[in-house]
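Asker: Predicted model and sequence follow; I will ask about them next.
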Amino acid sequence: MSIKDLKHAIIVGENENAVTIAGTLIKRGVKPEEIVINGVTKAMEHLDKKCTVKNFCLLELMLAGRAAMDVIDHLCSEEKMNADILLASKPFPRQKIISGTIKGDIHEIGKNIFSMIMKSYGYRIIDMGKDVDPANLVMSAIDHKADIIAVSSLITTTIPNVRKIRKYATEQGNNKVKIIAGGAALRQSSTQYLNVDYVAETVFDGHHYIKSL
């Protein structure tokens, strides 16, 4: 078994096989950081290139994201890799992201995929769940000293609530927090109208933006 095999297992969503391969690599003396960087991250980069807007497969991303997280959780739970070391490594920024489906929408699948993929890249995700009041997103960002608020929605009637996030952030003196929006309803709008910093076409598009900050 090799890191190449691990990468393939993650890409096709074989989470149990991916964990087994990672365990075997550890026993062979492969460093955990190498497994994450050359296995997990490379798998995500492959999906990044494959999942264009026209060829976007939610199930594929969900399965791959789960496999990637299972590998990382296994490495950390077995004390083979300290989480702080992982997060301090160059490919794993320390940004905290507040994630939630905006008030008025109970759909979570897109948000959950975003959370899994971003976690696999080493970001710290505080998942607020669904039907989240915009004020609560802002207060959570303040409480957790988060750099980013990621909000999603599939319903256009929630747009007024999305627009309130920046308003509340300004009122609380949190002008530095970046707000990124995603989901079918929000992708149809603009950053100016939503009063956000970025509107992501896909989870990887969102990752590119966050990585550029």
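Answerer: Alright, I've got the coordinates. Numbers count the residues shown, from 1 in each chain.
Asker: From here on, just use CA atoms for contacts and neighbour counts.
Answerer: Fine.
Asker: so for stretch 195-213, what's the average pLDDT?
Answerer: The pLDDT scores in stretch 195-213 average 89.
Asker: Ends of that stretch, what's the gap?
Answerer: Length of stretch 195-213, first residue to last, C-alpha to C-alpha, to the nearest Å: 18 Å.
Asker: Residues in contact with that stretch: which ones?
Answerer: Here stretch 195-213 makes contact (C-alpha atoms under 8 Å, 6 or more residues apart in numbering) with 48, 52-53, 113-114, 117-118, 162-163, 166, 178-183, 186-187, 189-191.
Asker: cool, and stretch 142-150?
Answerer: 95-100, 137-138, 140-141, 174, 176-182.
Asker: May I see the buried residues of it?
Answerer: 142, 146-150 (16 or more other C-alpha atoms under 10 Å).
Asker: Export that stretch to PDB, keeping only CA atoms.
Answerer: Extracted in PDB, the C-alpha atoms of stretch 142-150 (Å, rounded to 0.1, in the frame of the first residue of the first chain):
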ATOM      1  CA  ILE A 142     -16.800  37.300  18.000                       C
ATOM      2  CA  ASP A 143     -16.900  34.600  20.700                       C
ATOM      3  CA  HIS A 144     -14.600  32.300  18.800                       C
ATOM      4  CA  LYS A 145     -12.500  35.100  17.300                       C
ATOM      5  CA  ALA A 146     -13.200  33.700  13.900                       C
ATOM      6  CA  ASP A 147     -11.800  35.100  10.700                       C
ATOM      7  CA  ILE A 148     -14.600  34.000   8.400                       C
ATOM      8  CA  ILE A 149     -18.400  33.500   8.400                       C
ATOM      9  CA  ALA A 150     -19.600  31.100   5.700                       C
END
